[in-house]
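Asker: Need coordinates for the following:
(one chain, ligands or ions: 1)
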Amino acid sequence: MTVIGVVGAGVMGVGVAQNLAATGHSVVMVDVSEDILGNALATVERNCRMSRLLGGPAIDAAEVMDRISTSIGPGGLTDVDIVIESTTENWDVKQQVYREMDEICPPDTVFVVNTSAIPITRVAGITSRPEQVIGVHFMNPVPAKSAVELIPGVHTSPRTIARTTALLKAMGKKPIPVKDSCGFVSNRVLMLTVNEAAFLVHEGVADAATVDEVFRECFGHPMGPLETADLIGVDTILYSVEVLYEHYADSKYRPCPLLKQMTDAGLHGRKAGRGFYAYSTATARPAVLAG
Ligand SMILES: NC(=O)c1ccc[n+]([C@@H]2O[C@H](COP(=O)([O-])OP(=O)(O)OC[C@H]3O[C@@H](n4cnc5c(N)ncnc54)[C@H](O)[C@@H]3O)[C@@H](O)[C@H]2O)c1
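Answerer: Here you go, the predicted structure:
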């Protein structure tokens, strides 16, 4: 039976694990603590139970939960066919994780890198299996989004592309192939927009609600850039902009100081209950905090 490892049980790992289990796959979810894994399981279960209410398909929560096991650390990855890695957007963290996975996973295991910006070839280069490393930029929330960016690295083999494409299709995703480049297509554009939106608030040009209102009301976007930042994670936005800034050595990616301050303050967006807006399960619309 195909077993998929999901390493990192945060915003993206939870969505990936839920999507995989809901489409019949056995999943081993890995993170660094029992608390994080417990919260992740509780979130998957709650999302499954709420799915119908939120306009999604009816999901049998018990069946989904039966397909997900957990492991503190990479010890549970000894028998996985594919790993979808979704750890923090930080090169030191990812390097350590790939070294451990390379040691413990079977030689045939494919490593799928879920990153906002880090080049796939850079990740592949620290493993002993660069031909089995491929990027998939999942969109958030994973179960609700129908397409992903598929990013082969310089050495990725046709077999790895075929195995990954088959898994994505089984998950209900349309892969859109793009070349390997820091930030890929989506985040070369999106991260600049969100960073610049944060500068508007930082400089006092407009508050967060006004910035978002302009994008929703004038452009017809379903969400403004700062609501999007809270959904993605303000810390993840900062780390991604830092990756772009370092990679391209281009000042157009200089990170907004407000993103740094909010990250230091733990105002990480929805997952923390506060970001540019405050969230409570009781209120449908968030209250403005930053700006
Ligand atoms: N949030 C988004 O909307 C989004 C969208 C696409 C891609 N991404 C990318 O996906 C990845 C994960 O993002 P996220 O938003 O889920 O981040 P997150 O901060 O919500 O979760 C990251 C998880 O990784 C875990 N982790 C850290 N070190 C680990 C280790 N050594 N072993 C196992 N787990 C470890 C953390 O404990 C945490 O649970 C990042 O690379 C990010 O850039 C995020």
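Asker: count of neighbours near the nearest residue to Phe199 once chain neighbours are set aside?
Answerer: Using Cβ to Cβ, 6 or more residues apart in numbering and skipping the chain neighbours, the partner closest in space to Phe199 is Cys256 (4.8 Å). The way it works is simple: take the backbone N, C-alpha and C, and place the C-beta from them, glycine included. Neighbours of Cys256 under the rule other Cβ atoms under 10 Å: 21.
Asker: My guess is Cys256 contacts Ala198. True?
Answerer: Yes - using Cβ atoms under 8 Å, Cys256 is in contact with Ala198, at 4.0 Å.
Asker: thinking again about what came up before, from Arg159, how far out is the residue nearest to Phe199?
Answerer: Counting by Cβ to Cβ, to the nearest Å, the gap from Cys256 to Arg159 is 42 Å.
Asker: Also Asp212?
Answerer: 44 Å.
Asker: between those two, which one's more packed in?
Answerer: Neighbour count, other Cβ under 10 Å: between Asp212 and Arg159, Asp212 has more, with 25 against 12.
Asker: What residues does the more buried one make contact with?
Answerer: 223-227 (Cβ atoms under 8 Å, 6 or more residues apart in numbering).
Asker: I'd like to know which of the residues you listed are part of helices.
Answerer: Under the assignment DSSP state H, the contacts of Asp212 contribute 225-227 to helices.
Asker: check contacts around the closest residue to the ligand within the chain.
Answerer: Nearest to the ligand, among the residues of the chain, is Gly10, at 1.8 Å (Cβ to the nearest ligand atom). Contacts of Gly10 were listed using Cβ under 8 Å, 6+ apart, and they are 31, 36, 40, 86-88, 233, 271.
Asker: Get me the contact residues on the stretch 51-200 of the chain for the ligand.
Answerer: 86-89, 93, 96-97, 114-116, 137-138, 140 (Cβ under 6 Å from any ligand atom).
Asker: A strand includes Val27, no?
Answerer: Yes - Val27: assigned to a strand according to DSSP: H, G, I helix; E, B strand; the rest coil.
Asker: What ranges does the stretch 51-200 of the chain have for its strands?
Answerer: 68-72, 82-85, 110-113, 133-137, 147-152, 174-177 (DSSP state E, counting those that start in this stretch).
Asker: and those as TSV, adding mean neighbour count?
Answerer: What follows is those, written out as TSV (neighbours: other Cβ atoms under 10 Å):
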stretch	mean neighbour count
strand 68-72	17
strand 82-85	25
strand 110-113	26
strand 133-137	25
strand 147-152	20
strand 174-177	13
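Asker: what about the stretch 151-291 of the chain, any weak spots by pLDDT?
Answerer: 281-291 (pLDDT under 70).
Asker: do that again at 50, thanks
Answerer: 282-285, 291 (pLDDT under 50).
Asker: What ranges does it have for its helices?
Answerer: 158-170, 186-202, 208-213, 219, 225-232, 234-248, 257-264 (DSSP state H, counting those that start in this stretch).
Asker: The stretch 1-150 of the chain now?
Answerer: 11-22, 34-50, 61-66, 91-104, 120-124.
Asker: deepest of those helices, which one?
Answerer: Of all the helices of the stretch 1-150 of the chain, helix 11-22 carries the top mean neighbour count, a mean of 26, counting by mean count of other Cβ atoms under 10 Å.
Asker: Run through who's touching that one.
Answerer: 4, 6-7, 9, 27, 29, 31, 40, 43-44, 47-48, 59, 64-65, 67-68, 84, 86-87, 114, 138, 140-143, 171-172, 232-233, 236, 271.
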